[in-house]
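Undergrad: predicted model and sequence below, questions to follow.
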Amino acid sequence: MSTSFLHFTPKATSISSSSSSPSFPFLRTNPRPLKTLFAASCIGSKASVKIPTPPINPKDPFLSKLASAAAKSPETFLNRPVNPDTPPYLDVFDSPTLMASPAQVERSVSYNEHRPRTPPPDLPSLLLHGRIVYIGMPLVPAVTELVVAELMYLQWMDPKEPIYIYINSTGTTRDDGESVGMETEGFAIYDAMMQMKNELHTVAVGAAIGQACLLLAAGTPGKRFMMPHAKAMIQQPRVPSSGLMPASDVLIRAREAITNRDTLVKLLAKHTGNSEETVAKVMKRPFYMDSTKAREFGVIDKILWRGQDKIMADVAPPEEWDKNAGIKVVDGF
């Protein structure tokens with residue numbers, strides 16, 4: 001039994017005379033560009049070759065006109081100069097002014113020529129309009145930047161109206177205790193609050209842990225609230241993960257953590273009315289407080305039961321927003 005093999009002998013064909021390595025027919029690169037070959041095949045046999053086109057939306061005049069021009073003259077689209085200053089295929093139309101200017105678009109879609117150019121309100125705008133600052137994340141640099149900016153803006157808008165700070169934050173740590181921000185993030189918001197001329201009404205919803213508990217206690221006396229089932233907790237600052245840090249650097253960070261702890265103890269003692277020794281004693285381990293215990297410890301002044309106190313400013317009704325935006329409401333819709 002014999003086995004026959006198919007032998008393939010490469011032809012002595014090369015792309016250029018300067019090439020020293022043999023070239024195979026199935027790997028040879030044709031010097032003529034593919035677009036030129038395709039154009040020649042289309043021009044030579046228009047009856048047998050069709051340019052594949054995607055489905056056309058009959059209601060789109062641009063695509064319909066483009067498909068019609070491509071069917072009549074394929075070479076126009078294959079051998080066309082490229083002009084980076086104009087949109088492609090715009091020259092196949094009779095009029096080059098196909099796209100409306102922004103002013104024309106504005107005039108075409110305007111339903112009220114005399115309406116003020118006010119965008120519709122979104123949720124952050126409504127909260128800020130109600131003078132509400134919501135801290136709902138751990139205190140990382142991005143959160144600190146936003147909160148401080150909102151406080152400064154609300155004071156600039158009206159230095160006499162109160163500012164309502166809602167707090168649901170784990171401070172500079174996550175739920176599992178891992179540090180996500182430096183203690184200075186909480187101190188930055190605290191210092192900004194102390195510079196405010198406005199009354200600061202703080203409201204704990206959910207949790208106020210660590211530095212967030214300090215912000216809760218730093219509100220205006222008599223205006224510190226807590227929801228019935230919210231939790232507050234104070235604890236010692238944590239040293240960030242050292243990794244492969246040298247021992248001397250670990251010692252420096254430990255000293256900084258002790259300094260931040262002492263600062264936190266002094267501020268909590270100031271705003272809760274307790275002695276520094278009492279605060280330092282309960283902070284040796286995580287000290288959890290429900291709303292009743294937080295009021296007894298001096299973190300808050302009142303537990304916010306339903307309908308007890310007003311904790312937010314009056315927000316403009318939707319009708320007023322529509323009126324300012326120039327939207328006319330028609331009866332029956």
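TA: Structure received. Every value quoted in this text rests on a predicted model; they were computed, and no experiment measured them.

Undergrad: how many neighbours does residue 306 have?
TA: A total of 5 residues lie near residue 306 under the criterion other Cβ atoms under 10 Å. No exception for glycine: its C-beta is placed from N, CA and C like everyone else's.

Undergrad: residue ranges of the helices in the protein, please?
TA: Defined through DSSP state H, the helices belonging to the chain, from first to last, are 34-44, 61-72, 74-78, 102-109, 123-129, 141-157, 183-194, 211-217, 247-272, 276-282, 291-297, 318-324.

Undergrad: need the ones you listed in JSON lines (columns: distance to residue 172, mean neighbour count and mean pLDDT).
TA: Written out in JSON lines, the entries for those read as follows (distance: least, Cβ to Cβ, whole Å; neighbours: other Cβ atoms under 10 Å; pLDDT from 0 to 100):
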{"stretch": "helix 34-44", "distance to residue 172": "61", "mean neighbour count": "13", "mean pLDDT": "48"}
{"stretch": "helix 61-72", "distance to residue 172": "55", "mean neighbour count": "13", "mean pLDDT": "71"}
{"stretch": "helix 74-78", "distance to residue 172": "61", "mean neighbour count": "15", "mean pLDDT": "67"}
{"stretch": "helix 102-109", "distance to residue 172": "46", "mean neighbour count": "9", "mean pLDDT": "44"}
{"stretch": "helix 123-129", "distance to residue 172": "24", "mean neighbour count": "14", "mean pLDDT": "78"}
{"stretch": "helix 141-157", "distance to residue 172": "10", "mean neighbour count": "15", "mean pLDDT": "93"}
{"stretch": "helix 183-194", "distance to residue 172": "6", "mean neighbour count": "19", "mean pLDDT": "94"}
{"stretch": "helix 211-217", "distance to residue 172": "5", "mean neighbour count": "27", "mean pLDDT": "95"}
{"stretch": "helix 247-272", "distance to residue 172": "10", "mean neighbour count": "15", "mean pLDDT": "91"}
{"stretch": "helix 276-282", "distance to residue 172": "18", "mean neighbour count": "15", "mean pLDDT": "94"}
{"stretch": "helix 291-297", "distance to residue 172": "20", "mean neighbour count": "18", "mean pLDDT": "94"}
{"stretch": "helix 318-324", "distance to residue 172": "37", "mean neighbour count": "13", "mean pLDDT": "68"}
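
Undergrad: residue 221: what's it in contact with?
TA: residue 301 (Cβ atoms under 8 Å, 6 or more residues apart in numbering).

Undergrad: same thing but 10 Å
TA: Counting by Cβ atoms under 10 Å, 6 or more residues apart in numbering, residue 221 touches 199, 271, 273, 298, 301.

Undergrad: may I have the phi/psi pair for the fourth one?
TA: For residue 298, the backbone dihedrals (degrees, to the nearest 10) come out as phi 100, psi 10.

Undergrad: look up how far residue 160 lies from the residue nearest to it when sequence neighbours are not counted.
TA: The shortest distance from residue 298 to any residue other than its chain neighbours is 3.4 Å, reached at residue 272 (Cβ to Cβ, 6 or more residues apart in numbering). With the distance defined as Cβ to Cβ, to the nearest Å, residue 272 ends up 27 Å from residue 160.

Undergrad: equivalent analysis for residue 188, please.
TA: Relative to residue 160, residue 188 is positioned 25 Å away (criterion: Cβ to Cβ).

Undergrad: next one: residue 127
TA: Distance from residue 127 to residue 160, counting by Cβ to Cβ: 20 Å.

Undergrad: likewise residue 270?
TA: Between residue 270 and residue 160 the distance is 25 Å, computed by Cβ to Cβ.

Undergrad: what does residue 223 give?
TA: The span separating residue 223 from residue 160 equals 15 Å under the rule Cβ to Cβ.

Undergrad: neighbour count: those two, which is higher?
TA: For residue 223 against residue 160, the residue with the higher neighbour count under other Cβ under 10 Å is residue 223, and the figures read 19 against 8.

Undergrad: please name the nearest non-neighbouring residue to the more buried one.
TA: Closest residue to residue 223 apart from its sequence neighbours, by Cβ to Cβ, 6+ apart: residue 201 at 4.3 Å.

Undergrad: give me the pLDDT for the one you found.
TA: At residue 201 the predicted local distance difference test score is 95.

Undergrad: how many neighbours does the nearest residue to residue 305 once chain neighbours are set aside have?
TA: Spatial nearest neighbour of residue 305, chain neighbours left out: residue 228 (6.3 Å); criterion: Cβ to Cβ, 6+ apart. Around residue 228 sit 11 other residues, with neighbours defined as other Cβ under 10 Å.
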